[in-house]
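Chemist: sharing a model prediction with you, sequence too.
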Amino acid sequence: MKVLVVGGGGREHALCWKIAQSPLVETLYCAPGNPGIAEVAECVNIAADEIETLCEFAQAEKIDLTVVGPEVPLTMGIVDTFQEAGLEVFGPNKAAAQIEGSKGFSKNLMAKYNIPTADYQSFTEHADAVAYIKEQGAPIVVKADGLAAGKGVIVAMTEEQAIAAVDDIMLDQVFGDAGASVVIEEFMDGEEASFFAFTDGKNILPLASSQDHKRVYDNDEGPNTGGMGAYSPAPVVTAELHDVIVDTVVKPTIAGMAQDGCPYSGILYVGLMIKEGKPRVVEFNARFGDPEAQPLLIRMKEDIVPILQACARGELNQSSLEWHDKAAVCVVMASGGYPASFEKGLPISGLDEAAKIEDMVVFHAGTASKDGKIVNNGGRVLGVTGLGTTVKDAIDKAYDGVAAIDWQNVHYRKDIGARALNRD
């Protein structure tokens with residue numbers, strides 16, 4: 001069969017790496033892809049948001065399955081376009097993708113179906129938002145309603161910080177249209193975890209647990225990013241807590257979406273805050289996490305393609321997945337300055353040396369090819385992912401890979417996975 005993966009980041013490299021291992025797949029395309037993806041798939045120079053062009057390509061090449069990686073084309077309705085053209089596609093349609101595309105939509109869904117989350121209010125008027133902050137006090141969380149590439153959430157420890165965040169979002173429009181309205185919610189403390197489940201709109205198939213590291217600097221300091229590293233499994237999600245998350249969050253979310261006339265098919269990402277053994281939802285995403293996809297897919301034992309097809313066809317009847325016993329850790333190597341401004345086009349050295357390390361894969365995210373060299377081309381550049389019998393071994397393996405790679409002003413956290421070690 002022929003498969004097309006849409007996107008060009010670390011998540012899509014991990015998906016292509018996994019899909020390429022399937023005996024069912026004869027030809028694998030990725031649009032637009034990146035130099036790392038080009039090693040396992042044929043890259044096609046079509047941007048992820050060029051939906052009509054992608055659909056024409058899929059029709060011309062007789063693509064059997066399209067897998068959509070990023071959130072932007074999902075919220076734009078790529079799944080609807082492909083389905084209308086008679087093409088099989090993995091991912092939620094436009095109505096269902098609102099679960100990520102609008103914070104207000106997802107919070108209202110949770111309120112309606114009693115899904116545990118932080119108390120909140122939505123605002124379209126700046127003055128009302130500021131008045132609410134003054135009434136509630138700090139710490140408090142301010143979120144741009146729409147998509148902001150993982151950067152539209154500000155955890156404000158003072159009222160002044162919270163009001164400044166509302167000013168940035170609503171007055172200065174630092175996130176553009178995504179900030180036309182804001183969601184302001186109570187601050188939740190605890191330990192974060194990422195929980196994923198495949199679904200066909202009715203049935204669910206949970207994945208192994210994982211944990212992301214959102215802040216740019218060690219010890220969870222600095223601004224939020226798209227993610228600076230992740231590991232799987234996450235010890236905070238015990239077997240008992242796994243069942244609680246499925247029963248109190250995942251099942252009511254999928255049932256509620258169906259009840260509201262926008263059944264959700266694809267992969268559901270649940271960002272959680274765990275405190276005293278109780279989970280509450282921080283956010284939903286309509287796609288695989290990045291960087292969580294890297295450690296999860298490297299640990300997944302079975303062929304992913306039949307699962308993707310079953311979700312797309314509404315035929316998901318599998319109840320469990322098999323995982324390698326090993327732990328996996330992904331360390332993101334980023335451009336200096338990220339998540340603010342950074343320099344592009346800097347040559348990356350050491351990739352060949354890193355490729356020789358056993359039980360370690362370098363997933364490309366923001367890279368490009370220039371004059372025969374691999375250069376940085378984005379904020380998050382590489383996801384260096386190691387496998388080990390324990391989380392400690394996997395951390396060591398990942399940082400062996402990091403040590404082999406270099407470019408000017410490279411930045412990475414040195415404490416990815418530390419929370420799992422502290423728990424042991």
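Modeler: Yes, it's here. This one's a predicted model, so the numbers in the text were calculated from it and none came from an experiment.

Chemist: tell me where the model's unsure across the stretch 251-400 of the chain.
Modeler: Scanning the stretch 251-400 of the chain for pLDDT under 70 picks out nothing.

Chemist: and the strands in the stretch 201-350 of the chain?
Modeler: Applying DSSP state E, counting those that start in this stretch to the stretch 201-350 of the chain gives strands spanning 204-206, 211-212, 215-217, 221-224, 229-232, 266-275, 278-285, 327-335.

Chemist: could the ones you listed be laid out in CSV, adding distance to Thr53 and mean neighbour count?
Modeler: (C-beta placed from N, C-alpha, C; glycine too.) Listed next are those as CSV, based on distance: least, Cβ to Cβ, whole Å; neighbours: other Cβ atoms under 10 Å:
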stretch, distance to Thr53, mean neighbour count
strand 204-206, 32, 20
strand 211-212, 32, 25
strand 215-217, 34, 18
strand 221-224, 32, 14
strand 229-232, 32, 30
strand 266-275, 22, 22
strand 278-285, 25, 20
strand 327-335, 29, 28
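
Chemist: next up, the contacts around the residue lying closest to Pro306 once chain neighbours are set aside.
Modeler: In space, and not counting its chain neighbours, Pro306 is closest to Leu24: 7.3 Å by Cβ to Cβ, 6 or more residues apart in numbering. The contact partners of Leu24, by Cβ atoms under 8 Å, 6 or more residues apart in numbering, come to Met1, Asp303, Val305, Pro306.

Chemist: export those residues to CSV and tack on neighbour count and distance to Leu316?
Modeler: As requested, the contacts of Leu24 are exported to CSV (neighbours: other Cβ atoms under 10 Å; distance: Cβ to Cβ, whole Å):
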residue, neighbour count, distance to Leu316
Met1, 15, 18
Asp303, 15, 14
Val305, 21, 13
Pro306, 14, 10
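
Chemist: hang on, the earlier thing: make sure the residue nearest to Pro306 is indeed in a helix.
Modeler: No - secondary structure of Leu24 (DSSP: H, G, I helix; E, B strand; the rest coil): coil, not part of a helix.

Chemist: any idea how far it lies from Gln309?
Modeler: Going from Leu24 to Gln309 by Cβ to Cβ, to the nearest Å gives 9 Å.

Chemist: which helix is the longest one in this protein?
Modeler: If you go by DSSP state H, the chain has its longest helix at helix 391-404.

Chemist: what lies in contact with the very next helix or strand once past that helix?
Modeler: Moving toward the C-terminus from helix 391-404, the next helix or strand (DSSP states H and E) is strand 410-411. Outside strand 410-411, the residues that touch it by Cβ under 8 Å, 6+ apart are Val216, Met333, Ala334, Ser335, Gly336, Gly337, Tyr338, Val381.

Chemist: now those residues as TSV including distance to Val174?
Modeler: Shown next, in TSV, are these (distance: Cβ to Cβ, whole Å):
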residue	distance to Val174
Val216	17
Met333	26
Ala334	20
Ser335	19
Gly336	21
Gly337	16
Tyr338	16
Val381	23
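
Chemist: which stretches in the stretch 1-150 of the chain count as helices?
Modeler: Counting by DSSP state H, counting those that start in this stretch, the stretch 1-150 of the chain has helices at residues 10-19, 51-60, 71-76, 78-84, 94-101, 103-112, 126-136.
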